[in-house]
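Colleague: everything below, folded, please.
(one chain, ligands or ions: 1)
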Amino acid sequence: MTGSDETVVPISAIEHHEYCPRQCALILVDGLWEENPHTIAGGRAHRRVDSGASRRERGRLVLRAIPLWSESLGLSGRADTVELEPDGRVTPVEHKSGVRHGRTADLQLCAEALCLEEMLKVEISEGYIWYGAWRRRWPVAIDEELRRSTLAAIAAIRSLLVGDVLPAAPADERCRTCQLEPHCLPDVVTAPGRITSYVEEEVLGCVT
Ligand code: SF4
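Modeller: Predicted coordinates:
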């Protein structure tokens, strides 16, 4: 990798980017963060997983909170759980506190698998996502299509990180559950003339 390609993409950014590219840029480029009930629940679930000790389970070794990286893809992150089978199979397991929403978590899981393949010199054909609200795990095939989609997401996030353009606000139903809505102001930035009136009413009005 050379030049801007060297920019390291955090695996966690995939979830934000799939939800809303603007949210991803606000978090990664502008350093904004705000908790809401969804992020607090997710954080609690991950703390529970991270605090568990690695152990042997039904013959396989279950490792927790494993640091991940890929030199070739410029990726870094952490796997919630990695299972090592006696026959050499390596299986990443991503933990989510809620239920399945689309395939965002699949891309995150695939990025973890790509790192593990490079780190451990193995091939990974399957991983799992544990959904806390369902108390069951969901199998995900790490196939060619998912790999292509994951690499495309990583490239799009890297473009955001090295570019200087904040993506437009979609201003749709996603904003209702977005923790950055108070910073993003989607209704303001998408309505003609609303920025001017917002500045006059909310900003200048407070200083006069
Ligand atoms: S408030 Fe809406 S447009 Fe803004 S970052 Fe969140 S989801 Fe994206």
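Colleague: against Ala41, how distant is the nearest residue to Gly98 once chain neighbours are set aside?
Modeller: Nearest non-adjacent residue to Gly98, counting by Cβ to Cβ, 6 or more residues apart in numbering: Ala133, 4.9 Å away. For the C-beta atoms, the positions are set from N, CA and C on the backbone; glycine is no exception. Ala133 sits 9 Å away from Ala41 when distances are taken as Cβ to Cβ, to the nearest Å.
Colleague: the more surrounded of these two?
Modeller: Higher neighbour count among Ala133 and Ala41: Ala41, with 15 against 12, using other Cβ atoms under 10 Å.
Colleague: quick check: closest non-adjacent residue to the more buried one.
Modeller: Leaving out its chain neighbours, the residue that sits closest to Ala41 by Cβ to Cβ, 6+ apart is Ser97, at 4.6 Å.
Colleague: ok, that neighbour touching Pro37?
Modeller: No: with contact defined as Cβ atoms under 8 Å, Ser97 does not reach Pro37; the gap is 10.5 Å.
Colleague: double-check that Ala171 belongs to a strand.
Modeller: No: using DSSP: H, G, I helix; E, B strand; the rest coil, the secondary structure at Ala171 is coil, not a strand.
Colleague: verify the contact between it and Asp187 for me.
Modeller: Yes: the pair Ala171 and Asp187 qualifies as a contact (Cβ under 8 Å) at a distance of 6.4 Å.
Colleague: more neighbours, the two?
Modeller: Shown here are Ala171 and Asp187; by other Cβ under 10 Å, Ala171 has more neighbours (16 against 13).
Colleague: pLDDT of stretch 74-86, averaged?
Modeller: Stretch 74-86 shows a mean pLDDT of 95 in the predicted model.
Colleague: so which bits of it are buried?
Modeller: By neighbour count on 16 or more other Cβ atoms under 10 Å, the buried set for stretch 74-86 is Gly74, Leu75, Ser76, Gly77, Arg78, Ala79, Asp80, Thr81, Val82, Glu83, Leu84.
Colleague: next structured bit after whatever helix or strand Arg64 lives in?
Modeller: Assigned by DSSP states H and E, Arg64 belongs to strand 60-70. The helix or strand immediately downstream of strand 60-70 is strand 75-84, counting by DSSP H and E.
Colleague: residue ranges in the protein under the pLDDT threshold?
Modeller: For the chain, the stretches flagged by pLDDT under 70 are 1-5, 45-52, 192-200, 202-208.
Colleague: got the residues of it near the ligand?
Modeller: By Cβ under 6 Å from any ligand atom, the residues of the chain that approach the ligand are 20, 22-23, 26, 169-171, 174-175, 178, 180-181, 184, 186.
Colleague: so which of the residues you listed sit within helices?
Modeller: Taking DSSP state H, the ones among the residues of the chain next to the ligand that sit in helices are Arg22, Gln23, Leu26, Glu181, Cys184, Pro186.
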